[in-house]
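1. What shape does this take:
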Amino acid sequence: MSLELILSIVFGGICAVTALLVITRINPVISALFLVVNFASLAGLYLILNAQFIAIAQIIVYAGAIMVFFLFVIMLLNPESEKKFFSHKPYIKIFTVVIVAIVFVQIIYMIFLAQPSEELIKESAKSVNAGTIEQIGRELFTNYVLPFEAAGYLLLAATIGALVIAKKKFE
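-> Take a look at the predicted model:
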């Protein structure tokens, strides 16, 4: 067994277990912490797949910024005062269990019975360099330089607009 396979099994197991723990914990702060662990293990899977840029973006954007936002929302909402969602709508719980069972059967089918196509195996050799930061930078600044610059100017205009609106509110 190769190290890549062992790490894939470990990170995949951590992803599956923490995903279950996110949706089964009663305390939303504990769920958010398990979500951070899930994001980190997902970044590990991205690294195994040679997608370094996506792995770093996963850590910085999701495990960092988005989780801080989630925690602020959790603290502001005070979820202890909310009513139980399924208490007055039992049919939604049954519908949810049916959907989960269907998805679970599909995943089991894909893992054990589905066979990858020959084209997919041939294309996997090309995908080794697809997720590197060097390749993404080369594509952005050669083939996609005009949309990249347009997105930069759009973000600059939105920032200036937000500053102008905020300044009018303060005066």
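
2. pLDDT of the helix ranked longest in the chain, averaged?
-> Using DSSP state H to define each element, the chain has its longest helix at helix 145-170. For helix 145-170, mean pLDDT is 84.

3. so where's this structure uncertain?
-> The chain contains residues with pLDDT under 70 at 78-87, 116-131, 168-171.

4. can you do 80?
-> Across the chain, the ranges flagged by pLDDT under 80 are 72-90, 92-93, 114-133, 166-171.

5. the domain parsing of this structure - what is it?
-> 1-82, 85-130, 132-171 (automatic domain parsing).

6. just the ones you listed: most buried one?
-> domain 1-82 (a mean of 15; mean count of other Cβ atoms under 10 Å). In this view, the C-beta of every residue, glycine as well, is placed from N, C-alpha and C.

7. Which other helices and strands does the host helix or strand of A55 contact?
-> Element membership for A55, per DSSP states H and E: helix 52-57. Under the contact criterion of 3 or more Cβ pairs under 8 Å, 6 or more residues apart in numbering; DSSP states H and E, helix 52-57 touches helix 28-48, helix 133-142.

8. from the middle of its chain, how far away would it be?
-> Relative to the mean C-alpha coordinate of its chain, helix 52-57 is positioned 11 Å out (Cα atoms, centre = their mean, to the nearest Å).

9. what sits up against the helix or strand just after it?
-> Heading C-terminal from helix 52-57, the first helix or strand you meet, by DSSP H and E, is helix 67-77. The contact list for helix 67-77 (Cβ atoms under 8 Å, 6 or more residues apart in numbering) reads 28-29, 32, 35-36, 39.

10. Which one of these is nearest to F95?
-> P28 (23.0 Å; Cβ to Cβ).

11. gap between the closest one and A40?
-> Distance of P28 to A40, computed by Cβ to Cβ, to the nearest Å: 19 Å.

12. One more: T142?
-> 33 Å.

13. What of I23?
-> 18 Å.

14. that older thread, make TSV out of the helices and strands packed on helix 52-57 and add distance to G161.
-> Shown next, in TSV, are those (distance: least, Cβ to Cβ, whole Å):
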stretch	distance to G161
helix 28-48	31
helix 133-142	25
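
15. who wins for proximity to I60 among those?
-> Comparison of these against I60 by Cβ to Cβ identifies helix 28-48 as nearest, at 9.6 Å.
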